[in-house]
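**Student:** I'd like to go over a predicted model; first the sequence, then the structure.
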Amino acid sequence: MKKLLFFLLVGLLAGFTNARDVYFNSHYTLWKDGDILIWNVDKSITIDPKEFCLSLKRNNSSIGDPKCRVFGEWERDSVAHRYGKWLGYNLEPNTKAEHLKARHPAMIAKIQALEDKIVMFVSKTDNVVKLALFDEIASTPKVAGTVAYNNDQVALYDDMANSFFDLPAKRRLTKKEREKLATEPDEYYKETPKFNGWIGVGLGYSQAKIPLTPDNWYRSHIDSKVRRYRVTKDSTSLWNFIDDSDPFLNIYAGGTWYGFIGAEIIYRLAKHTVKTDNKDTSYDELDHWYFYQHEIGLSIHLSKTFPMNRWLDITPFIFLGFQYSFFVEDIDVEDDIEKPSAAYEKRVKFEDVYKGALVGFGSQFVFAKHYGISLRTGVSSRGRDTYSDPSPDAAAEPTTIGGSTIDCFISLGLEYHWIL
Amino acid sequence: MGRFFLVISLVMAALLSGCAPHYQWTRSHPAYKIPPRDELTVIGVDKAFVLVRSAWFAKKLGISTDSIQTKVTSDCSRLLAEELKKRYSRLKMVPSSKLDGLPEESLKLDQRIFIKGKFPEQGVAVTDSSGNIPKNILIIHEIILGTDLNRENYFDYALIHNESTEKKTSNKLTAIVSYTLWDNERQRSLYSAVDQIEKPIEKISMSDIEVLVGDIATQIQRELDIGAAP
């Protein structure tokens, strides 16, 4: 009984450790309904093509209806026989594909003439079955390794199929399809490139804080209030004066050529309230104080379209551009105030125009080639409009109000697409 | 501005030194573990030697230009066989005609270095004159004898078609040897190398060439020993 247990244990261990060993696997193309040719050089093992095919079907549902047969042409050929014999004793652990290259010109020609068929080399030594798969692409095996020999034919074939044919099968093109594909004109050589255009309108939301960055980068700007119509601790960012987190409206139009490179014009409108300090009595006269933010921008658009099915295309994109920002003031005092205070008259003035950059990414989901939903996110900045050479007393010059106003945004748009 | 140029020149220097070719002159098979000890079979020695600048050698050695090539190469072949015999006591020679009829193949050592030569067929073991199958065979592909030669010019495929004339100098006697240790039982190359062996020239005589051939044998033995990964 003890003896039996021992043998069982050894058998199990051997089964686990030595069941299969793939030396290398440089992924080949497994064809659906393909031809598998069994090349059994030394006849040290008998492979039943019919049973093996059934194992393939059981273990790989994508393989379709493969045809397996004994590869008699190579088994009878002397050049192939010599190479096969050589392969049998050179298939060892740690060998790479380059070590198993067929060198004889006639053998190389035979491999090249396979035309989408897969050759499975089999040879049995001791208690392992050596396997190597060839396709027409290379004169070296694509996959090689061993599986443990098993007296149960079906279990052995299942193990072989599972170790070496376990990849999604592709449909083989028919001869006509290949001809058509070979003679089809290349889209990239057309005289007028394919143009994909769109117009869209969207709603979004922007804020000064960029997610995943520390709060203390923004706290002083966000928490700041405006006293006596112009006083803040720091004026480099407009977010010291006006609310940063507000919704915006987005209107845009763009297009890409070759489905890859394009441009987009954007218009963006948002309304920001000035952050007046409620405890400050100088605002008692004030009815309202807003700034309307108008932005016009132009960006380069790089994208790639992935057709999902007949009615949906997904196009991820990145964009990089510049923009001009205009802040239009809307302020009024209470009706009963005859003359506003001196502080009101001397209130803060923003620059006429700010120039900035915008960068981001997103994705368009286009249904039925025309109706799109677009989701995008990015970062945009506003800075000085013109650059002047730094002068020696630059440090003494007052900083431009709002010269470093940065926000991040996210927006959802509805689009109409067309293809020319 | 000065710093800018410094950075630029440093980047250029790094790029240039990165571009300068670094060659790999040897290649071992992972299965090459034990170098040959006493027993070795050699093939190709009889046809391996090539003499370049033969007119110069003819003048210096006082041999007629017509016979210098055959005289020096046959002497060297005989000498190399003797020198190898000193290092491998059970040395056997197989004539290079055993490889006749096989196509010339190239064996890659490096991105740009390829050995050209004939290799036995896969699945067919080479037999010696008495019909035995030797375990290992040393295939000598080519030995180029000359003065101040560079192996890059003969084995880097990007340079071999260079037709620019170089100034012929004769400071050193050079031999460029390409060889392969062949596993005859499994018909695979265990170790391949291109070696460059040099000897300064003072007053050239046949004995200088004899010493150089001895150095070739020493170098081959040393390389075969180093190349085996235990």
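**Tutor:** Thanks, I have the structure now. Numbering: from 1, shown residues only, chains lettered A, B, ... in the order given.
**Student:** who does B:Thr174 form a beta bridge with?
**Tutor:** Counting by DSSP bridges, B:Thr174 forms beta bridges with B:Gly146, B:Glu198.
**Student:** that one touches B:Asp195, doesn't it?
**Tutor:** No - between B:Thr174 and B:Asp195 there is no contact under Cβ atoms under 8 Å: 10.7 Å. (Each C-beta comes from the backbone N, C-alpha and C, glycine too.)
**Student:** which residue ranges of chain B form helices?
**Tutor:** Secondary structure of chain B (DSSP state H): helices at B:2-19, B:54-61, B:68-87, B:152-155, B:206-227.
**Student:** packing partners of the last one?
**Tutor:** Which is helix B:206-227. Applying 3 or more Cβ pairs under 8 Å, 6 or more residues apart in numbering or on different chains; DSSP states H and E, we find helix B:206-227 packed against strand B:26-28, helix B:68-87, strand B:136-147, strand B:172-183, strand B:188-200.
**Student:** make it 10 Å
**Tutor:** Counting contacts by 3 or more Cβ pairs under 10 Å, 6 or more residues apart in numbering or on different chains; DSSP states H and E, helix B:206-227 is packed against strand B:26-28, strand B:39-43, helix B:54-61, helix B:68-87, strand B:136-147, strand B:172-183, strand B:188-200.
**Student:** please identify the buried residues of it?
**Tutor:** Using 16 or more other Cβ atoms under 10 Å in any protein chain shown as the test for burial, helix B:206-227 gives B:208-209, B:212-217, B:219-221, B:223-224, B:227.
**Student:** find the residues that touch each one of B:Thr174 and B:Asp195.
**Tutor:** Common contacts of B:Thr174 and B:Asp195 (Cβ atoms under 10 Å, 6 or more residues apart in numbering or on different chains): B:Arg151.
**Student:** same list (the helices and strands packed on helix B:206-227) but as TSV, adding mean neighbour count, mean pLDDT and distance to B:Asn153.
**Tutor:** Listed next are the helices and strands packed on helix B:206-227 as TSV, based on neighbours: other Cβ atoms under 10 Å in any protein chain shown; pLDDT from 0 to 100; distance: least, Cβ to Cβ, whole Å:
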stretch	mean neighbour count	mean pLDDT	distance to B:Asn153
strand B:26-28	18	92	19
strand B:39-43	23	93	26
helix B:54-61	16	91	17
helix B:68-87	17	93	20
strand B:136-147	22	94	10
strand B:172-183	23	94	9
strand B:188-200	20	94	11
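**Student:** ok, which of those comes nearest A:Glu345?
**Tutor:** Closest to A:Glu345 of the helices and strands packed on helix B:206-227, according to Cβ to Cβ: strand B:26-28, at 86.8 Å.
**Student:** how about the nearest residue to B:Asn136, chain neighbours excluded?
**Tutor:** With Cβ to Cβ, 6 or more residues apart in numbering or on different chains as the criterion, B:Asn136 has its nearest non-adjacent residue at 5.2 Å, and that residue is B:Pro36.
**Student:** correct me if wrong: that neighbour contacts B:Gln221.
**Tutor:** Yes - counting by Cβ atoms under 10 Å, B:Pro36 touches B:Gln221, with 8.9 Å between them.
**Student:** what is in contact with the two at once?
**Tutor:** With Cβ under 10 Å, 6+ apart as the test, B:Pro36 and B:Gln221 both reach B:87-88, B:138.
**Student:** I'd like those residues laid out as CSV, including distance to chain A.
**Tutor:** Formatted as CSV, the shared contacts of B:Pro36 and B:Gln221 follow (distance: Cβ to the nearest Cβ, whole Å):
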residue, distance to chain A
B:Arg87, 29
B:Tyr88, 26
B:Leu138, 19
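**Student:** and those residues, which is closest to A:Lys101?
**Tutor:** Distance to A:Lys101 across these (Cβ to Cβ) is lowest for B:Leu138, with 21.9 Å.
**Student:** dump the residue contacts of that closest one.
**Tutor:** B:36, B:40-45, B:84, B:88, B:91, B:94, B:179-182, B:191, B:220-221, B:224.
**Student:** could you do B:Thr41 as well?
**Tutor:** Per Cβ under 10 Å, 6+ apart, neighbours of B:Thr41: B:88, B:90-94, B:126, B:128, B:132-139, B:182, B:184.
**Student:** please redo it, this time with the cut-off set to 8 Å
**Tutor:** B:91-94, B:128, B:134, B:136-138, B:184 (Cβ atoms under 8 Å, 6 or more residues apart in numbering or on different chains).
**Student:** of those, buried ones?
**Tutor:** When these are checked for burial by 16+ other Cβ under 10 Å, the buried set is B:91-94, B:128, B:134, B:136-138, B:184.
**Student:** could you identify the least confident member of those residues?
**Tutor:** Minimum pLDDT for the buried ones among the contacts of B:Thr41 is recorded at B:Asp128 (86).
**Student:** relative to A:Ala342, how far out is the closest residue to B:Lys172 other than its chain neighbours?
**Tutor:** Excluding its sequence neighbours, the residue lying closest to B:Lys172 (Cβ to Cβ, 6+ apart) is B:Glu198, at 4.6 Å. B:Glu198 is 96 Å from A:Ala342, where distance means Cβ to Cβ, to the nearest Å.
**Student:** again, but for B:Leu99
**Tutor:** B:Leu99 sits 107 Å away from A:Ala342, going by Cβ to Cβ.
**Student:** okay, the two: which has more neighbours?
**Tutor:** Using other Cβ atoms under 10 Å in any protein chain shown, the more surrounded residue of B:Leu99 and A:Ala342 is B:Leu99, with 19 against 10.
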